[in-house]
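[1] Here is my input; please provide its structure:
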Amino acid sequence: MNILFLLSQLEVTGAETYVESLSSYLKEKGCNIFIASDTFTRKVDAKIFSVPLHNRSFSSRLSNIKLVKKIITENNIDVVHANSRASAWVGNFACKKLKIPFVVTVHGLSGMRNSKKFIPALGDRTVAVCEEIMKRTVLDFPHSADKIQLIRNGMDISKYSGFVSEITSNNNSQSFTISYLGRVSGPKLDIVKSLLSVIPQLKSEITELKFNIIGGQEIPAEVTEEINKINLSQKDDYISNIGYAEDVRPFIEQSDLMIASGRSAIESVLLNKPLIYWGESLFGGFLTEENLNHALETNFGDCSELTENIKSEKILSALSSYYKSYVDNPSCIKETISKNYDLDTNSQKIFDIYKELIKENNDKVLLKPLPVILYHKVVNEPELNTSVGIFVTSKVFEKHLSYLKKNGYRTLTYYDVNKIINNEMLSQKSDIILTFDDGYKNNYTNAFPILKDFGLKCVIFMVAGTKSNTWDKDKNETEDFLMTDQEISEMEEYGIEFGSHTLTHPHLTKIPIDEAKHEIEDSFRILSQKLKNPLISFAYPYGECNEEIESIVTETGYQFGIATDSGPILLKDNLKRVRRQIIFSHTSMLQFKKKISKWYPQYKLTKNR
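    Below is the predicted model of the structure:
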């Protein structure tokens with residue numbers, strides 16, 4: 001599954017860390033991760049695109065929509081997941097145009113704007129990271145109630161195991177370190193200003209007080225000036241402006257009390273640090289068993305409808321009271337948070353949403369036939385003395401691929417089809433499968449270079465027990481050699497799938513069943529030893545099969561059995577008898593266009609009847 005995350009930010013946010021954790025989980029699931037953002041500083045195994053999504057001007061947004069659409073198209077994106085208001089607006093238009101599933105995670109509450117009223121940009125599914133966001137979203141947009149889901153930020157809890165707090169007693173003579181962890185911009189700048197207004201008063205009570213400000217890639221000059229002013233007046237550099245830190249754990253571990261919200265608050269508790277939760281929306285105070293549910297519901301103060309002004313006396317009282325009581329967190333607090341924010345549990349819920357949206361799309365697309373085309377040979381010059389005419393010239397093949405490319409077709413392998421069936425890849429109306437039977441050397445010398453020129457793929461079914469087309473001897477056909485192991489390896493490395501076509505190309509329905517079983521099973525064994533990727537597809541020679549042969553193909557371990565005209569119209573109706581349309585030497589360009597049309601299988605079936 002190819003997943004594109006959208007973020008709009010100029011500094012590190014909880015949303016970025018959220019995407020970092022989610023990406024790690026999805027990579028382990030075999031997904032490919034792509035990220036489009038103004039800036040993205042976290043270390044992730046992903047392809048990152050610099051897109052100024054934070055810029056909200058109309059012209060910039062139009063430009064961003066084009067950029068995101070280009071990223072989606074060029075990287076075969078299956079799902080887009082936005083993690084901010086600005087990126088959701090852009091993603092909304094890009095995904096609607098391209099019919100790509102769109103998920104939006106709402107990390108915080110925002111003021112209502114006319115643009116948001118008319119264009120909610122909540123995606124096909126909306127994820128709320130806490131109860132307050134979910135409640136507010138449903139109130140503002142009642143139609144979203146059936147597609148919004150509460151999923152908290154997933155965190156790798158194992159990273160925080162084994163740490164034991166060193167806080168054991170209250171000794172007023174020992175140093176006491178308070179740390180604020182969070183941004184120093186927007187509403188959180190007011191938190192820092194409030195703290196700087198009361199810390200000097202607390203210093204008179206706690207002689208060995210230390211206060212750290214951790215976070216923010218850009219610290220406003222007014223904050224720096226105030227810190228210098230306070231330190232100078234006390235003749236003690238007890239207030240430290242740490243700034244942005246890639247790894248905040250050491251600073252948390254060295255602190256006696258943390259002040260944080262959102263993800264930073266969760267991380268503090270997981271490291272067994274007492275917490276005052278204070279975010280953009282409210283001052284929650286010291287975290288206890290009694291207010292733990294409230295903290296969870298408001299994402300530790302970042303999301304609430306409360307707008308009370310916090311007075312300095314209340315802040316000072318909370319800090320002073322904790323210093324005097326000096327108690328550890330009850331173990332149940334960490335246990336509850338660990339359960340609620342477990343990375344695997346919450347990330348799997350997100351992954352399930354992706355698969356659900358992909359399934360909804362695929363169920364619709366697969367109601368129509370998936371075109372599958374059958375080639376054999378690609379030759380430089382027409383073969384004159386042939387009775388079967390199973391070739392096209394390189395020039396004709398190039399015309400076919402040029403038409404497919406110009407008209408937006410996407411070539412699939414059966415590995416891709418398997419992902420589509422398992423809802424791990426988005427099926428598109430423009431999908432097509434190009435197949436080759438037998439595995440002639442000219443597939444490598446002539447077809448392969450043309451495929452690479454157009455950036456397209458195919459599936460080649462190899463006859464595994466002979467080096468040339470020995471099955472054509474009684475037809476007086478020219479001897480044509482099959483591909484070597486080295487040629488197969490090179491094509492497989494490019495992305496071409498190889499399947500089996502028996503050992504010697506017999507009529508499977510006309511030979512003893514034991515011989516047929518030997519042909520199917522031994523070709524599987526031989527090719528599996530040669531191929532880097534799993535062998536999942538089998539093509540019946542001459543397209544001939546019956547239920548007994550299909551059963552052997554299934555028992556051998558093939559997931560797909562590929563026929564010709566004998567298969568059903570829809571691929572999903574029988575994966576062991578997939579219908580194909582054959583291209584002959586006499587197939588005109590008009591006939592080619594007909595054979596790749598979705599209506600053609602039904603037309604051919606009706607005509608044959």
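
[2] Wait, a strand at residue 179?
    Yes: the assignment for residue 179 (DSSP: H, G, I helix; E, B strand; the rest coil) places it in a strand.

[3] Verify the stated contact: it with residue 252.
    Yes: the pair residue 179 and residue 252 passes the contact test of Cβ atoms under 8 Å, sitting 6.9 Å apart. Using the backbone N, CA and C atoms, a C-beta is placed for each residue, glycine as well.

[4] what is the rounded mean pLDDT of the lengthiest helix in the chain?
    Assignment by DSSP state H gives helix 343-365 as the longest helix of the chain. Averaging pLDDT along helix 343-365 yields 94.

[5] do the same with stretch 54-73
    Stretch 54-73 comes out at a mean pLDDT of 90.

[6] picking up where we left off before, mind listing the shared neighbours of residue 179 and residue 252?
    Common contacts of residue 179 and residue 252, defined by Cβ atoms under 8 Å, 6 or more residues apart in numbering, comprise residue 258.

[7] Show me what the longest helix of the chain is in contact with.
    If you take Cβ under 8 Å, 6+ apart as the criterion, helix 343-365 is touched by 1, 3, 21-22, 25-26, 29, 78-79, 81, 99, 101, 103, 124-125, 127, 149, 151-157, 420-421, 423-429, 431.

[8] mind running it again at 7 Å?
    If you take Cβ atoms under 7 Å, 6 or more residues apart in numbering as the criterion, helix 343-365 is touched by 1, 3, 21-22, 25-26, 29, 78-79, 101, 103, 124-125, 127, 151-152, 154-157, 420, 423-424, 426-429.

[9] now swap in stretch 473-489 and tell me
    The contact list for stretch 473-489, computed with Cβ under 7 Å, 6+ apart, reads 377, 383, 386-388, 438-441, 443-444, 463, 467-469, 498, 530.

[10] Try it again at 6 Å.
    Stretch 473-489 is contacted from outside by 387, 439, 440, 441, 444, 467, 468, 469, 530, using Cβ atoms under 6 Å, 6 or more residues apart in numbering.

[11] Equivalent analysis for stretch 183-195, please.
    Contacts of stretch 183-195 (Cβ under 6 Å, 6+ apart): 180, 182, 215, 216, 219, 223, 278, 280, 315.

[12] How far does the longest helix of the chain sit from its chain's centre?
    Helix 343-365 has its C-alpha centroid displaced from the chain centroid by 10 Å (Cα atoms, centre = their mean, to the nearest Å).

[13] Now it: buried residues?
    343, 346-347, 350-351, 353-355, 357-359, 361-362, 365 (16 or more other Cβ atoms under 10 Å).

[14] Equivalent analysis for stretch 571-591, please.
    With burial defined by 16+ other Cβ under 10 Å, the residues of stretch 571-591 counted as buried are 571, 575, 576, 577, 578, 579, 580, 581, 582, 583, 585, 587.

[15] Over to stretch 413-427?
    Neighbour counts over stretch 413-427 (16+ other Cβ under 10 Å) mark 413-421, 423-427 as buried.

[16] Farthest-apart pair in those, please.
    Maximum pairwise distance among the buried residues of stretch 413-427 (Cβ to Cβ): 17.4 Å, between 413 and 423.

[17] Helix or strand, whichever it is, which one in the chain has the lowest mean pLDDT?
    For the chain, counting by mean pLDDT, DSSP states H and E, helix 114-118 ranks last in confidence among helices and strands (a mean of 58).

[18] Which is the succeeding secondary structure element to that one?
    Downstream of helix 114-118, the first helix or strand assigned by DSSP states H and E is strand 125-128.

[19] Flag the shaky bits of the stretch 51-200 of the chain, pLDDT-wise.
    For the stretch 51-200 of the chain, the stretches with pLDDT under 70 are 110-118, 161-174.

[20] Run through the strands of it in chain order.
    With DSSP state E, counting those that start in this stretch as the criterion, the stretch 51-200 of the chain has strands at 79-82, 102-106, 125-128, 148-150, 176-181.

[21] how far is stretch 352-367 from where the chain is centred?
    Chain-centre distance of stretch 352-367: 15 Å, with Cα atoms, centre = their mean.

[22] now stretch 411-421
    With Cα atoms, centre = their mean, you get 17 Å for stretch 411-421.

[23] CA-only coordinates of it, as CSV, when you get a sec.
    Provided in CSV are the C-alpha atoms of stretch 411-421 (Å, rounded to 0.1, in the frame of the first residue of the first chain):
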residue,chain,number,x,y,z
THR,A,411,-0.1,-2.1,-16.0
LEU,A,412,-0.4,-4.6,-13.2
THR,A,413,1.1,-7.9,-12.2
TYR,A,414,-0.7,-10.6,-10.3
TYR,A,415,1.2,-9.5,-7.2
ASP,A,416,-0.7,-6.2,-7.6
VAL,A,417,-3.9,-8.1,-8.2
ASN,A,418,-3.3,-10.0,-5.0
LYS,A,419,-2.9,-6.7,-3.1
ILE,A,420,-6.1,-5.4,-4.7
ILE,A,421,-8.1,-8.4,-3.6
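
[24] Other residues contacting that stretch?
    362, 425, 427, 431-434, 456-457, 459, 497, 536-537, 560.

[25] Which of these sits closest to residue 36?
    For those, the closest approach to residue 36 (Cβ to Cβ) belongs to residue 425, at 20.2 Å.

[26] Look up the pLDDT of that closest one for me, please.
    For residue 425, pLDDT reads 94.

[27] Quick check: which ranges of the protein have low pLDDT?
    For the chain, residues meeting the criterion pLDDT under 70 lie at 10-12, 110-118, 161-174, 217, 306-309, 326-328, 609.

[28] go again using 50 as the cut-off
    For the chain, the stretches with pLDDT under 50 are 112, 164-173.

[29] distance between stretch 444-462 and the chain's centre?
    In terms of Cα atoms, centre = their mean, the gap separating the centre of stretch 444-462 from the centre of its chain is 28 Å.

[30] What of stretch 498-509?
    How far stretch 498-509 lies from its chain's middle: 38 Å, per Cα atoms, centre = their mean.

[31] Now do the closest residue in space to residue 569 that isn't next to it in sequence against residue 412, distance only.
    Spatial nearest neighbour of residue 569, excluding adjacent residues (Cβ to Cβ, 6 or more residues apart in numbering): residue 601 at 5.0 Å. Separation of residue 601 from residue 412 (Cβ to Cβ, to the nearest Å): 16 Å.

[32] how near is residue 278 to residue 80?
    Note on residue 278: its distance to residue 80, by Cβ to Cβ, is 33 Å.

[33] who's more crowded, these two?
    Shown here are residue 278 and residue 80; by other Cβ atoms under 10 Å, residue 80 has more neighbours (30 against 26).

[34] Dig out what that one forms beta bridges with.
    Counting by DSSP bridges, residue 80 is bridged to residue 4, residue 102.

[35] Residue 371 and residue 602: what is the separation?
    From residue 371 across to residue 602, the span is 12 Å (Cβ to Cβ).
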